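Colleague: Kindly generate the corresponding structure for this input.
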Amino acid sequence: MAAEGESVRIDSWIWSVRLTKTRSLAASACRAGHVRINGERVKPAHPVRAGDQVRLFHAGRERVVVVARVLRKRVGAPVAEKCYTDHSPPPPPREAVAPAGVRDRGAGRPTKRDRREMERLRGLQG
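Modeller: Residues are numbered from 1 along each chain as shown. Below is the predicted model of the structure:
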């Protein structure tokens, strides 16, 4: 745990409070522009302090958290939850998420017509 008023790298903090599975995923998200601190895009080495608002778009979901405590090392899930306040929008219900194209076993590759129907269902008109 870091001392009061101290800062730590954002990629390390995101990983240590278990918002991403690995630190390299956290760094990749920063480099791709999926992490914002107080509204601005940041690089993996950007410092984060208590009170900062962190927005992370990861795994198809936006997470909005306010840093309560700065950590240097990864901790257990119960401790990690106490290190931030979650203001994320609730995930969409499972019924609202469109299922992936499910094909019968042994049906082979989709035809051009099947592919166009799947794209139409997904809204990928091309």
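
Colleague: I'd like to know how far Val65 sits from Pro47.
Modeller: From Val65 across to Pro47, the span is 16 Å (Cβ to Cβ, to the nearest Å). No exception for glycine: its C-beta is placed from N, CA and C like everyone else's.

Colleague: for the chain, which spans come out with low pLDDT?
Modeller: Within the chain, the ranges that satisfy pLDDT under 70 run 1-5, 95-101, 124-126.

Colleague: CA atoms only: put the longest helix belonging to it into PDB for me.
Modeller: Using DSSP state H, we find that the single longest helix of the chain is helix 112-122. Provided in PDB are the C-alpha atoms of helix 112-122 (Å, rounded to 0.1, in the frame of the first residue of the first chain):
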ATOM      1  CA  LYS A 112     -22.600 -16.300 -48.600                       C
ATOM      2  CA  ARG A 113     -26.300 -16.000 -47.900                       C
ATOM      3  CA  ASP A 114     -25.900 -17.200 -44.300                       C
ATOM      4  CA  ARG A 115     -23.100 -14.700 -43.800                       C
ATOM      5  CA  ARG A 116     -25.200 -11.800 -45.100                       C
ATOM      6  CA  GLU A 117     -28.100 -12.800 -42.800                       C
ATOM      7  CA  MET A 118     -25.700 -12.900 -39.800                       C
ATOM      8  CA  GLU A 119     -24.300  -9.400 -40.700                       C
ATOM      9  CA  ARG A 120     -27.800  -8.000 -41.200                       C
ATOM     10  CA  LEU A 121     -28.800  -9.300 -37.700                       C
ATOM     11  CA  ARG A 122     -25.700  -7.800 -36.200                       C
END
